[in-house]
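Enquirer: A predicted structure for the sequence below; I have some questions about it.
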Amino acid sequence: MASIGIVGAGAWGTALAVTARRAGRSVTLWAHEPEVAAAISGSHRNPLYLPGIDLDPAIAATGEIDRVAAADVVLLVAPAQHLRGVCRSLAPHLRPGTPIVICAKGIELATSALMGEVVADELPQAPIAVLSGPTFAIEVAHGLPTAVTLACSDPLLGQRLVEALGTATFRPYLSDDLVGAEIGGAVKNVLAIGCGIVEGKGFGDNARAALITRGLTEITRLAMAKGAKAETLMGLSGLGDLILTASSTQSRNYSLGFALGQGRSLAEVLAERRAVTEGVYTAGAVMELSERLAVEMPLCAAVDAVINRGAGLDSTIQGLLARPFRAEGFQAS
């Protein structure tokens, strides 16, 4: 695993390129926008998505996906709703058996499929792993201590990937629960929007802590319905990722919710952004999946109602506060 190909040169893809170079790997980074590839190749920077970070000149940037497919391992860091199209572009060039590490966090809106299910559909000969956990790209790029989950059903392959990507400050913890790692990483974006709304409305830290805790219950309930292990959601790719994303304005999802809570419109906030705010799309997909699996998720449903279904923010909040009192636990709502 001497060479790493990375599909997606946004903030997270670029940060992963930086840490892979620190791990001593040869790195090729595919960028959708020609100007991003040109900037990385020319100035060794990515000012559009990860400003202020000097990139190792050995990081190669390209707009030709076949160059990435030639690597020993391919990391998929494209936005979740574009991952299927990226896989189809990659498929003709990928050698059978080349491991794919899914680094995108989301659920496909059109099908309610997890990213692993999308990759299995489009790249059936590729072994799959999932990289997830509490990560802000800028901190990873600066080399600040970070711990993540690397989930893989093949323990030998998983260990090789850990050794290929791990450094003293980027520490992957191995798991065999891909579904749990994926659902934790996807649904926390929806709940982070809700936590941002709580902060923007000035509801206080008690309310945010309650939303995080009850939200974790919703994540766990959905994950278990898909066959995941409850303990996975107590780890880095569940609780860890939720705490980080639901507590800081560095999070695009949290900051979007904060703006909504302060009275700004969704269209206005999204118009100011170049990077994708995954929770906006994942909210609808989560509700489709939860309905299919008969899993009640009132907090995620409230976020989806506000951002995707035209529901009033104040009336939605009042509806949540008027819900009947319940017992605590994974089966309670």
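Expert: Arrived safely.
Enquirer: I figured residue 298 hits residue 323, correct?
Expert: Yes - contact criterion CB atoms under 8 Å: residue 298 and residue 323 qualify, at 6.6 Å. Quick note: C-beta positions are derived from backbone N, CA and C, even for glycine.
Enquirer: higher neighbour count, these two?
Expert: residue 298 (14 against 9; other CB atoms under 10 Å).
Enquirer: Give me the pLDDT for the more buried one.
Expert: pLDDT, residue 298: 96.
Enquirer: what's the distance between it and residue 61?
Expert: 44 Å (CB to CB, to the nearest Å).
Enquirer: mean confidence score for stretch 174-182?
Expert: 98.
Enquirer: So which residues make contact with it?
Expert: 102, 105, 114-116, 128-130, 132, 149-153, 155, 158-159, 162, 223, 226-229, 232-233, 235, 237-238 (CB atoms under 8 Å, 6 or more residues apart in numbering).
Enquirer: mind listing what's buried in it?
Expert: 175, 177-182 (16 or more other CB atoms under 10 Å).
Enquirer: out of the residues you listed, which are inside helices?
Expert: Using DSSP state H, the members of these that fall in helices are 178-182.
Enquirer: Among the residues you listed, which one sits closest to residue 120?
Expert: Of all these, residue 178 has the smallest distance to residue 120: 10.2 Å, by CB to CB.
Enquirer: distance of that closest one from residue 168?
Expert: 26 Å.
Enquirer: the helices in the stretch 101-250 of the chain, which residues?
Expert: 115-122, 137-141, 155-165, 178-200, 205-225, 241-245 (DSSP state H, counting those that start in this stretch).
Enquirer: Just give me the neighbour total for residue 66.
Expert: Neighbour tally, residue 66, other CB under 10 Å: 14.
Enquirer: A helix includes it, no?
Expert: Yes - assignment of residue 66 by DSSP: H, G, I helix; E, B strand; the rest coil places it within a helix.
Enquirer: Now that it has come up, it's in contact with residue 94, right?
Expert: No - applying CB under 8 Å as the test, residue 66 and residue 94 come out as separate, 9.1 Å apart.
Enquirer: shared neighbours, these two?
Expert: Counting by CB under 8 Å, 6+ apart, nothing touches both residue 66 and residue 94.
Enquirer: one step back: any of the contacts of stretch 174-182 buried? List them.
Expert: By 16+ other CB under 10 Å, those give 102, 105, 114-116, 128-130, 132, 149-152, 158, 162, 223, 228-229, 232-233, 235, 237-238 as buried.
Enquirer: OK, contacts around the closest residue in space to residue 279 that isn't next to it in sequence?
Expert: Taking CB to CB, 6 or more residues apart in numbering as the measure, residue 279 lies nearest to residue 189, with 3.4 Å between them; neighbours along the chain are not counted. Residue 189 sits next to 105-106, 245, 253, 277-279, 282 when contact means CB under 8 Å, 6+ apart.
Enquirer: Save those residues as CSV, and put in distance to residue 203 and pLDDT too.
Expert: Shown next, in CSV, are the contacts of residue 189 (distance: CB to CB, whole Å; pLDDT from 0 to 100):
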residue, distance to residue 203, pLDDT
105, 26, 96
106, 27, 95
245, 18, 94
253, 17, 94
277, 21, 88
278, 24, 88
279, 19, 90
282, 23, 94
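Enquirer: Brilliant, that's me finished.
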